[in-house]
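Q: Mind looking at a prediction? Sequence and model below.
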Amino acid sequence: MESVEYTRKSGQRLTYRIEADDHGRFWVTRCGKELLRGRDRLAAVGGSHRAPNKRKVAGAIAQAQHAIEALSLMDES
């Protein structure tokens, strides 16, 4: 599992922790509280692409960053 810190580019510029695994799943936390979890869209297709790899980690992190910028399902308090 890979973990990165990400700071929003707008709003209050809060910092979030993104954790992603080799299967394309991600978790977004802030101050120890889980705010969002999801899966990279391309990794969710399944089929023969179910094997874990680093590209899925990168895709999951990019997907989480996009969700943070959109503040999807997260308040900014």
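A: Now that the structure is in, tell me what you want to look at.
Q: does the residue nearest the centre of the chain sit in a helix, a strand or a coil?
A: In the chain, the residue lying closest to the centroid (Cα atoms, centre = their mean) is Ala64, at 2.8 Å. What DSSP: H, G, I helix; E, B strand; the rest coil gives for Ala64 is helix.
Q: my read: it touches Gly24, true?
A: No - counting by Cβ atoms under 8 Å, Gly24 is not a contact partner of Ala64; they are 10.7 Å apart. Using the backbone N, CA and C atoms, a C-beta is placed for each residue, glycine as well.
Q: ok, Arg13 - contacts?
A: Thr7 (Cβ atoms under 8 Å, 6 or more residues apart in numbering).
Q: pLDDT wise, what is it at?
A: Per-residue pLDDT puts Arg13 at 86.
Q: Same question for Gly46.
A: 61.
Q: And for Leu71?
A: 74.
Q: three-state assignment of the spatially closest residue to it that is not a sequence neighbour?
A: Distance criterion Cβ to Cβ, 6 or more residues apart in numbering; nearest residue to Leu71, sequence neighbours excluded, is Gly11 at 7.3 Å. Secondary structure for Gly11, judged by three-state DSSP, is coil.
Q: who touches stretch 53-66?
A: Contacts for stretch 53-66 (Cβ under 8 Å, 6+ apart): 2, 4, 6, 18, 20-26, 28, 36, 38-43.
Q: pull the CA atoms of it into PDB?
A: Extracted C-alpha coordinates of stretch 53-66, given in PDB (Å, rounded to 0.1, in the frame of the first residue of the first chain):
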ATOM      1  CA  ASN A  53       0.400  -3.600 -10.300                       C
ATOM      2  CA  LYS A  54       1.900  -0.200  -9.800                       C
ATOM      3  CA  ARG A  55      -0.200   1.400 -12.600                       C
ATOM      4  CA  LYS A  56      -3.300   0.800 -10.600                       C
ATOM      5  CA  VAL A  57      -1.700   2.500  -7.600                       C
ATOM      6  CA  ALA A  58      -0.900   5.600  -9.700                       C
ATOM      7  CA  GLY A  59      -4.400   5.600 -11.200                       C
ATOM      8  CA  ALA A  60      -6.100   5.300  -7.800                       C
ATOM      9  CA  ILE A  61      -4.000   8.200  -6.500                       C
ATOM     10  CA  ALA A  62      -4.900  10.300  -9.500                       C
ATOM     11  CA  GLN A  63      -8.600   9.400  -9.000                       C
ATOM     12  CA  ALA A  64      -8.500  10.400  -5.400                       C
ATOM     13  CA  GLN A  65      -6.800  13.700  -6.200                       C
ATOM     14  CA  HIS A  66      -9.600  14.500  -8.700                       C
END
